[in-house]
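1. Fold the following, please.
(one chain, ligands or ions: 1)
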Amino acid sequence: MDAVLFLGHFCESHGPCVMLCTQKCKEEPQQSPHSLTVPWCESCQSVDLDLALVSKSDKFCYVTTRTPLQQDLAFLLKQAIVRSLSCEEEPSKEGGTLYFGDNERGHIISHTFSLQDSLARGFHRKYSISMLMKDKIHLLNLWPSIIPPIKEIASELQEKAAKVNGAEQIQCSQRAARQAQGSPGHQARSLPQLTGEPAIFAHLHMWFTWLLSCERFVEKPVTIPKIPIQCSPGYLRNLQKEMADDVFRVACYCVLTGMCLQCDDETVLAAFRQLIPTYFKVPTTGPPVKLIKRDIWKIEWTGVLPNKLPTLQTDVEEALKNENLTNEMLEPHLSSLILHWLNVAKSLSWTPNPDHNLLQALGINKHDLPLLTYWTPNCK
Ligand SMILES: [Zn+2]
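-> Coordinates of the predicted model:
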């Protein structure tokens, strides 16, 4: 069931009553609403019983009537009004908002408020605007978007009533008015009279239609994850120029495939480690690969480079050598290359037994496997 919005009132003569309700329908109502079986007076009255205020959108109609179009709904609304205006009453003077309900009688959020009326008991009348739904979670999710406009409608009614009341006070004091009327409650005034707004029910229809028809979007703050790559490749580029090709290549290969690269100069090590994501574990055991600078850079390694290097390493070396790429351009370029292979490794880490098709889809070649053997466990 879609949401139903309704206005309730606590009549001094007739108790809590539903004054009007707005429903979303697929088509215009074909028959007049059900008749009222309860006694009513001017203050309980809203639109005429045989009248329906209808607003149409492309797909739906929004229908406001004195009583709901379905008889069983009338019963639910009446119960909701009784609870919102008496049992579940919110004690604050400004009124209050509350939720109540169950799966049988529907779930309701209700805002109760009072309007000034110099002729009423306690000089005010109590009203409530409520929304009924079958789905509790859906209804409560609407709370942040539905309650502020309902409160605004209520405060607009209150402002209008205060204005009317203020004008009355200037003409005649409350006490004098009381004495002129005899006991309170004898002249129950309608909402148009209280607010000085003859078309107040049409206004309510428009407000309720808007509330039922508007789509809701909730803005949520998003914390953008930080890229786990810190790469300022200027120094690495210098090292590439300083070192012989094969020395630089072995150093890169060792870092990218998780071998234990050692060097007395920590800044040199840090420059190479920029090529792997920041949270990767750097191996401290295993046969060490020593990078030494005497007159020239040398590397001590017992291994042999494969014929074909991992794609990432080839791309990095090419980029470093490419003089068309300034250091500023190189930084995002290398970051995106590293990030690409990080994502490939992550995809592999989610798959227990990757088959040939997956490797192909991810663009993995045989020469990438030494790199991925190190990267994939680091992604878990
Ligand atoms: Zn009444």
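
2. contacting residues for the spatially closest residue to residue 312 that is not a sequence neighbour?
-> Residue nearest to residue 312 in three dimensions, not counting chain neighbours: residue 341, with 4.8 Å by Cβ to Cβ, 6 or more residues apart in numbering. Bear in mind the C-beta positions are built from the backbone N, C-alpha and C, glycine included. Contact analysis of residue 341 by Cβ atoms under 8 Å, 6 or more residues apart in numbering lists 311, 312, 368, 371, 372, 375.

3. do you know how far residue 341 is from the ion?
-> According to Cβ to the ion, to the nearest Å, residue 341 and the ion sit 75 Å apart.

4. Next one: that residue from residue 253, what distance?
-> According to Cβ to Cβ, to the nearest Å, residue 341 and residue 253 sit 14 Å apart.

5. got a list of what residue 2 touches?
-> Counted by Cβ under 8 Å, 6+ apart, residue 2 has contacts 23, 24, 133, 212.

6. Which pLDDT value goes with it?
-> Here, the pLDDT recorded for residue 2 equals 81.

7. With adjacent residues omitted, what lies nearest to residue 255?
-> Closest to residue 255 by Cβ to Cβ, 6+ apart is residue 272, at 4.5 Å.

8. what mean pLDDT would you report for the helix or strand hosting that neighbour?
-> Using DSSP states H and E, residue 272 maps to helix 266-273. Helix 266-273 shows a mean pLDDT of 93.

9. do the same with stretch 121-135
-> 91.

10. And for stretch 193-208?
-> Computed over stretch 193-208, the average pLDDT equals 95.

11. same thing with stretch 168-182?
-> 69.

12. How about stretch 247-258?
-> 95.

13. chain center to it, what's the gap?
-> What separates the centre of stretch 247-258 from the centre of its chain is 46 Å, taken as Cα atoms, centre = their mean, to the nearest Å.

14. circling back to that earlier point, show me the contacts for the residue nearest to residue 255.
-> 236, 239, 251, 252, 255, 261.

15. Likewise for residue 77?
-> Residue 77 touches 4, 6, 8, 18, 21, 68, 132, counting by Cβ under 8 Å, 6+ apart.

16. which non-adjacent residue is nearest residue 6?
-> residue 21 (3.7 Å).

17. Next up, identify which helix or strand the one you found is on.
-> strand 15-25.

18. What segments of the stretch 251-380 of the chain are helices?
-> 266-273, 311-321, 327-349, 356-361, 369-379 (DSSP state H, counting those that start in this stretch).

19. Make JSON lines out of the ones you listed and add distance to residue 165.
-> Converted to JSON lines, the helices of the stretch 251-380 of the chain look like this (distance: least, Cβ to Cβ, whole Å):
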{"stretch": "helix 266-273", "distance to residue 165": "76"}
{"stretch": "helix 311-321", "distance to residue 165": "77"}
{"stretch": "helix 327-349", "distance to residue 165": "66"}
{"stretch": "helix 356-361", "distance to residue 165": "74"}
{"stretch": "helix 369-379", "distance to residue 165": "69"}
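
20. re the thing from before, what's the lowest-pLDDT member of the contacts of residue 77?
-> Confidence-wise, residue 68 trails the rest of the contacts of residue 77, at 89.
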